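Give me the fold of what follows.
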Amino acid sequence: MTELNHPRHQLSDELGHPVRFSLVAAIAGTDESEFAIVRDHLQVSDSVLSRQASHLEAAGIVKIRKGFVGKRPRTWLSLTVAGRGTWEQHLAALAAIANTTAKQ
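Below is the predicted model:
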């Protein structure tokens, strides 16, 4: 295996941050997740989750939707179509790395 075809080249830089990786993992199995539920699941503050979600939104990986339930404001997070592709490619690269053995 040459350096240029090592599976690490398929990893997403956007998902290298632990909170961003955990955020995408938390919402990947859902159509849409409420901000507060994700925040509590990840055990981070509002500001940390907001900052990382905004970063992923700017990268086109996450969609942030704001609205109301009754009179209370709510925020929902979901993966974009491109975000799902990025997530699946990232997981495939991690699996390939885990299954790669160095040839002597």
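
residue contacts, the nearest residue to A28 once chain neighbours are set aside?
Once flanking residues are discounted, A28 sits nearest to W87: 5.4 Å by Cβ to Cβ, 6 or more residues apart in numbering. (Each C-beta comes from the backbone N, C-alpha and C, glycine too.) Counting by Cβ atoms under 8 Å, 6 or more residues apart in numbering, W87 touches 15, 24-25, 28, 61, 79.

Any idea which residue is closest to the centre of this protein?
V24 (2.4 Å; Cα atoms, centre = their mean).

Show me which residues of the longest helix anywhere in the chain are buried.
Longest helix of the chain, by residue count under DSSP state H: helix 81-98. Using 16 or more other Cβ atoms under 10 Å as the burial criterion, the residues of helix 81-98 that qualify are 83, 86-87, 90-91, 93-94.

What's the mean pLDDT across it?
Model confidence over helix 81-98, given as mean pLDDT, is 96.

Can you give me the distance of the residue lying closest to E34 once chain neighbours are set aside to R65?
Excluding the flanking residues, the one nearest E34 by Cβ to Cβ, 6+ apart is W76, at 5.7 Å. Taken as Cβ to Cβ, to the nearest Å, the spacing of W76 relative to R65 amounts to 5 Å.
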